[in-house]
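Peer 1: I would like to see how this sequence folds:
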Amino acid sequence: MQQSIRRLLILLLVGLGLTSWLHARPAAPARILAGLEAIPCTAHVSNAPETLVPSGEAQMPAKQTPPSGLFELTPEELALPHSLRWRIGVGIPDGNPHVFDWMSPRPGWYLNWSTNPFTTSPAEAAALGMEFTPMLRLGKDGLHPGLAAIYRQAQAQPGMVWLVGNEPDVRWQDDATPAEYACQYYRAWRTIKLADPSAQVAIGGISQVTPLRLRYLDAVLASYQQQFGASMPVDIWNIHAFVLREQAGEWGVDLPPGFADATDGLAWDVEDHDDLGLVEEQVRRMRLWMAERGERAKPLYITEYGILIPEEFGFTPSRVINFMIGSFDLLDSLTDESLGYPLDGNRLVQRWLWFSTRYYLYPSGDLFTTDGEPLPPLRALSGYLRAHAK
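Peer 2: Below is the predicted model of the structure:
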């Protein structure tokens, strides 16, 4: 009798221990991803036409001409962290960096508004000498790519910086209300960190740093707190630094989704577009915003800036080059003992990225021809890197 009771007690204890272990063990990734997929992130669709720059007489092509071939590129070392070359990057709308005949040295990093680096192996990626930064996109049916694909890539390529979205504040880009963006960011953050705890996740860059756009960011943070009961985790803060008008129905970036009644948009004009003082003003405004929210000890990236307004409005190649080189000098020298990133000598900006290699809608800042041959701005960029090599 006593032996039977003892066996029952042992079985009971084993059962309780097994139950406790099942409840305590980490959930399988597939179950977590399924739970994240099930979160209802309401999609906002503005269906707004793109009116970024004032229209002139010049006729733009209807679409981007596809590249005609690939170039054999001389292998180049990856840039040393915190070197000038590491800081300077370039956007590649064509996707594949090998469709361009790069001069040496090449910029230290690139993005192409996707998660596909267009390199076929780790060896090829290393030989390119340009670090790839993947970007997730937001659409009317959620995140692109899907969570399972994000998980696989993050697990296979640990330690990457991930950008969650592109200009969610612009109605013809990722077009998200603060609530929608906060929800999709949560899903992306959880997925990436589940696959790779060493990954760094950056918020999607707002188009420019203005009081109105910072109100949009504040609304994102507030919505995240409301939806998920915690502060929004951001490893790297990220902005764009264009100088464009932000008024409803005008050229420029219009009003952010969810702010249709806003009246505090800035009426920057065409001649302000290459004002480096306004670029610096945006950087300082962002850093002050970060410091006031306890986020000073985080890096700040600029993942897009440049000249978008057509040449017929006065933005000649020489004017573009002057702005580009001036911006390198500015961003490389900006420091502030009360606002800067303490782990980087109190610099205000850690990395910045020029728009772009070439893009049919905004060719003023192009670095290459349609055939992938260098244009004067690319020669100026490479010359700047050579002159400042350490």
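Peer 1: for the stretch 151-300 of the chain, what spans make up the strands?
Peer 2: Assignment of strands within the stretch 151-300 of the chain using DSSP state E, counting those that start in this stretch yields the ranges 161-166, 200-205, 237-240, 300-306.
Peer 1: quick one: closest of those strands to residue 224.
Peer 2: strand 200-205 (10.5 Å; CB to CB). Heads up, the C-betas are built off the backbone N, CA and C, glycines and all.
Peer 1: between that closest one and strand 161-166, what angle do the directions make?
Peer 2: Using axes from the mean of the first three to the mean of the last three CA atoms, to 10 degrees, the inter-axis angle of strand 200-205 relative to strand 161-166 is 20 degrees.
Peer 1: off-centre distance for strand 200-205?
Peer 2: In terms of CA atoms, centre = their mean, to the nearest Å, the centre of strand 200-205 is set 6 Å apart from its chain centre.
Peer 1: now do stretch 259-269
Peer 2: A distance of 23 Å separates the C-alpha centroid of stretch 259-269 from that of its chain, computed with CA atoms, centre = their mean.
Peer 1: then stretch 345-364?
Peer 2: 11 Å.
Peer 1: which strand residues bridge residue 142?
Peer 2: With DSSP bridges as the criterion, the beta-bridge partners of residue 142 are residue 139.
Peer 1: any idea how far residue 303 lies from residue 55?
Peer 2: As defined by CB to CB, to the nearest Å, residue 303 lies at a distance of 26 Å from residue 55.
Peer 1: those two: which is more packed in?
Peer 2: A direct count of neighbours by other CB atoms under 10 Å for residue 303 and residue 55 places residue 303 higher, at 27 against 9.
Peer 1: give me the neighbour count for residue 293.
Peer 2: Other residues near residue 293 number 14, with proximity taken as other CB under 10 Å.
Peer 1: enumerate every residue touching it.
Peer 2: Applying CB atoms under 8 Å, 6 or more residues apart in numbering to residue 293 gives the contacts residue 221.
Peer 1: local confidence estimate at it?
Peer 2: Residue 293 is assigned a predicted lDDT (pLDDT) of 98.
Peer 1: go on, the one 10 residues further on?
Peer 2: On the pLDDT scale, residue 303 is placed at 98.
Peer 1: what's the spacing between stretch 76-89 and its chain's center?
Peer 2: The chain centroid and the centroid of stretch 76-89 are separated by 18 Å under CA atoms, centre = their mean.
Peer 1: any chance you could list what contacts it?
Peer 2: Among residues not part of stretch 76-89, those counted as contacts by CB under 8 Å, 6+ apart are 104-111, 126-131, 133, 303, 328, 331-332, 344, 349-354, 381, 385, 388-390.
Peer 1: cool, stretch 259-269 as well?
Peer 2: Stretch 259-269 has contacts (CB under 8 Å, 6+ apart) with 210-212, 215-216, 243-248, 250, 252, 255-256, 278.
Peer 1: let's have the strands of the stretch 151-300 of the chain in TSV, adding distance to residue 293.
Peer 2: Putting the strands of the stretch 151-300 of the chain into TSV (distance: least, CB to CB, whole Å) gives the following:
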stretch	distance to residue 293
strand 161-166	18
strand 200-205	12
strand 237-240	10
strand 300-306	13
